[in-house]
Structures are given as structure tokens and as C-alpha cells.
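Participant: Would you be able to build a 3D model of this:
(one chain, ligands or ions: 1)
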Amino acid sequence: ATTLGAAAAGKGKTFGAAVANGRLGESQYATTLDTEFTGVTPENEMKWDATEPSRGSFSYGSADAIVNRAQSRGQKVRGHTLVWHSQLPGWVSGISSGSDLLQAMRNHISNVAGHYQGKLVYWDVVNEAFEDNGTRRNSVFQQRIGNSYIEEAFRAARAADPGAKLCYNDYNTDAVNAKSDAVYNMVRDFQARGVPIDCVGFQSHLIVGQVPSSYQQNLQRFAGLGVDVNITELDIRMPTPASSGNLQTQANDYRKVVQACVAVARCTSITVWGITDRYSWVPDTFPGQGAALLFDNNYAKKPAYNAVLEGFGAT
Ligand code: G3I
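Facilitator: Predicted coordinates for the structure are as follows:
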């Protein structure tokens with residue numbers, strides 16, 4: 001028998017999970033994490049509301065706990081996320097001047113990325129800055145600072161942690177479409193102008209039976225730009241309670257995603273957005289849906305688990 005992490009390692013890749021610090025005291029949660037996964041992304045603990053709840057006052061306790069725990073076990077840590085419109089403390093949204101917000105953003109990045117300097121493999125520097133139609137999301141950063149806020153964030157992150165690979169991360173960019181075109185064009189523009197960017201994260205919050213037909217082609221075109229590509233928040237949701245037919249379809253979907261990553265050399269990691277269906281974000285956001293991960297509510301391996309091993313060629 002092998003594990004998710006060992007199967008991925010056979011192809012030179014990392015297999016990670018989003019982790020909630022508050023669950024690490026639960027023995028099945030911790031055991032599953034340590035047995036199966038070679039990478040960790042803090043699910044909420046590095047977000048702005050957690051790390052700088054009031055201006056200039058930083059708190060790293062729960063994020064440090066995840067990072068230290070992972071490092072002592074040789075698991076790779078992905079930082080998530082420095083600049084995002086959500087889980088933003090009220091004081092940030094309340095800043096009315098662009099120059100003041102830019103200063104606050106730079107200070108946030110230099111403190112948080114500086115605190116973790118040398119400890120993280122990847123940073124999701126900017127998260128979800130585009131709309132599905134490829135225009136910029138009208139976030140407080142976009143409104144007050146304008147288009148330049150993304151490159152300002154990447155420059156600040158590079159200065160704070162020169163060794164971390166700096167990523168742009170988004171959802172609904174998993175196919176060749178208007179949104180992924182916009183990200184693709186941004187990466188090319190950054191490269192042409194010397195703005196640091198090393199990787200693109202594809203969240204891959206998917207729906208059962210709907211892996212985009214252009215999934216691999218999309219990863220490949222970004223890899224062709226010379227950046228790493230990462231599958232950062234994979235889950236595949238379905239109506240609950242899950243039917244056996246949907247669980248089988250989900251397994252085929254997971255296999256396809258893994259095979260796409262295996263086929264693209266620059267696809268260096270796959271992270272699933274949680275360990276167990278029991279604690280997934282999906283039912284809270286999409287009532288009546290869930291069962292999106294590889295372990296069920298009782299930590300039993302689902303059909304998708306074996307399909308992931310197969311996708312890596314490990315069975
Ligand atoms: O910590 C508080 C707790 O004190 C309070 O009692 C409780 C009551 O609601 O809320 C807790 O905060 C919740 C937090 O998760 C921690 O559990 C928030 O309400 C809840 O909104 C938050 O949800 C997170 C969500 O991001 C917020 O947008 C999910 O856990 C997290 O999985 C999800 O992750 C995002 C990625 O960061 C970016 N991509 C999409 C993905 C899914 O939405």
C-alpha cells in the first residue's frame with residue numbers, strides 16, 4: 001500500500017492539504033495528515049484578518065503552529081494569502097486614500113512574508129483579483145490603488161522573502177477561458193516588464209462530472225511561459241448525500257486532474273482543500289452539496305482516493 005504523498009513523490013510532485021489549526025488536536029485528523037500528505041496550506045491562519053487584525057499589530061500564533069508542525073515533519077508549506085478582498089479586517093476596507101492603502105499593503109506584506117522568510121516554498125501573493133469575464137475585480141485595492149496594486153504586491157513579497165516562489169492564485173481559471181486568458185496576459189506582461197512572478201495557482205474547486213476538457217492544455221500553456229503551475233485548492237463537489245454513481249464519477253474526475261498534472265512537468269504540486277468531508281468549506285457555502293474530498297466524514301478512503309493513486313501510476 002502506498003500513500004497520496006508517496007504516489008505524488010514518484011512523479012516528483014508534492015501532494016498537500018489545506019489544514020485548520022483548530023483541528024490538529026483531533027487524532028484522526030492529524031494522523032491522516034501526517035500519513036498521507038507531503039504539503040500543507042493553512043486554510044485561514046495566514047489571511048489578513050488573522051495576521052494583522054488591527055493596523056500594525058501582527059499575530060502569528062495559529063499560523064506559526066501549522067508551519068512549525070509541518071516543518072518538523074518535512075512537509076512543504078504554501079503561504080495563503082497576502083492580498084485578497086475577502087477575510088479582510090474592517091480597518092483595511094476603511095482606508096480611503098490610495099497612497100495610504102498602498103503603504104498599508106506594503107507593510108502587511110513585508111511583515112507577514114518577512115516573518116516566514118525562508119520557511120515557505122510558495123506564496124499566494126494575490127488571490128482572486130479577476131472577474132470571470134477577465135476584467136479586474138472591483139476590490140478595495142483595485143478601487144483605491146488601481147491596476148498597479150498586483151505588481152506592487154509581488155515586488156513587496158520578493159523583497160520580503162527572496163527565496164519563496166511567488167504565485168498568483170484564482171478560481172474558474174481551470175479551463176482556457178476569458179478569466180485564465182486575463183491571468184495569462186498578466187503573467188506575460190509581468191515577465192516583459194520585470195515584475196517578479198514565479199507560479200500560477202489554479203484553485204480547481206470543481207463540480208462532479210465537470211472537469212474542463214481544456215484543463216491540461218490550460219496548465220500547459222502557463223507552463224510554457226516558464227512559471228510553475230500548482231493545483232492549489234482541489235475539491236470536487238456533488239449533491240449530498242453522495243450517490244455511489246457520483247462517487248465513481250468523482251473518482252474519474254480526480255484521476256483526470258492528477259493525470260493532467262503528471263503530464264505537465266512544471267505542475268509541481270496538487271493541494272486538496274481539506275482532509276475530510278466532515279470539515280470542508282463546501283456545505284457552508286453551497287447548502288446541499290459536499291462530499292468533495294478524498295476522505296469521507298469518518299476518514300474512510302473514498303473511490304477518489306484510489307483514483308488519485310492510479311493517476312500517479314502508483315497502483
Ligand atoms: O473563526 C471564526 C469563529 O470564531 C466563528 O465563531 C465562526 C462563526 O461563523 O466563524 C469562524 O470563521 C470562519 C472561518 O472560515 C474559520 O472557520 C468564517 O466564518 C468562514 O467564513 C471562513 O470560511 C473560509 C473561507 O475561505 C472564507 O472566505 C473557509 O474556511 C476557507 O476554506 C475558504 O477558503 C477559500 C480560500 O481561502 C480561497 N479560495 C476559495 C476558498 C473557499 O471559499
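Participant: for the residue of the chain at minimum distance from the ligand, what are its contacts?
Facilitator: Distances between the chain and the ligand by C-beta to the nearest ligand atom are smallest at Trp281, namely 3.5 Å. To be clear about C-beta, it is placed using only N, CA and C from the backbone, and glycine gets the same treatment. Trp281 makes contacts with 43, 273-274, as judged by C-beta atoms under 8 Å, 6 or more residues apart in numbering.
Participant: Now those residues in TSV, please, with extra columns for pLDDT, distance to the ligand and secondary structure.
Facilitator: As requested, the contacts of Trp281 are arranged in TSV below (pLDDT from 0 to 100; distance: C-beta to the nearest ligand atom, whole Å; DSSP: H, G, I helix; E, B strand; the rest coil):
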residue	pLDDT	distance to the ligand	secondary structure
Glu43	98	5	coil
Trp273	99	6	coil
Gly274	98	7	coil
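Participant: Among those residues, find the one with the greatest number of neighbours, please.
Facilitator: Neighbour counts for those, by other C-beta atoms under 10 Å, peak at Gly274, which reaches 24 neighbours.
Participant: For Asp296, see how far away that one is.
Facilitator: 12 Å (C-beta to C-beta, to the nearest Å).
Participant: What of Arg188?
Facilitator: Distance, Arg188 to Asp296, using C-beta to C-beta: 42 Å.
Participant: out of those two, which sits in the more crowded spot?
Facilitator: Using other C-beta under 10 Å, the more surrounded residue of Arg188 and Asp296 is Asp296, with 16 against 12.
Participant: got a pLDDT number for the more buried one?
Facilitator: Reading off the confidence values, Asp296 has pLDDT 98.
Participant: List the contacts of it.
Facilitator: Shown in contact with Asp296 (C-beta under 8 Å, 6+ apart): 276-278, 302.
Participant: Within reach of the ligand, which of these are there?
Facilitator: Here nothing survives when these are matched to the ligand using C-beta under 6 Å from any ligand atom.
Participant: what residues does this protein put near the ligand?
Facilitator: Residues of the chain lying near the ligand (C-beta under 6 Å from any ligand atom): 43-44, 86-87, 127, 171, 203, 233, 281.
Participant: Just give me the residue right at the centre of this protein.
Facilitator: In the chain, the centroid-proximal residue (C-alpha atoms, centre = their mean) is Thr232; its distance is 3.3 Å.
Participant: quick one: average confidence on the host helix or strand of that one?
Facilitator: Element membership of Thr232 [criterion: DSSP states H and E] is strand 228-239. Averaging pLDDT along strand 228-239 yields 98.
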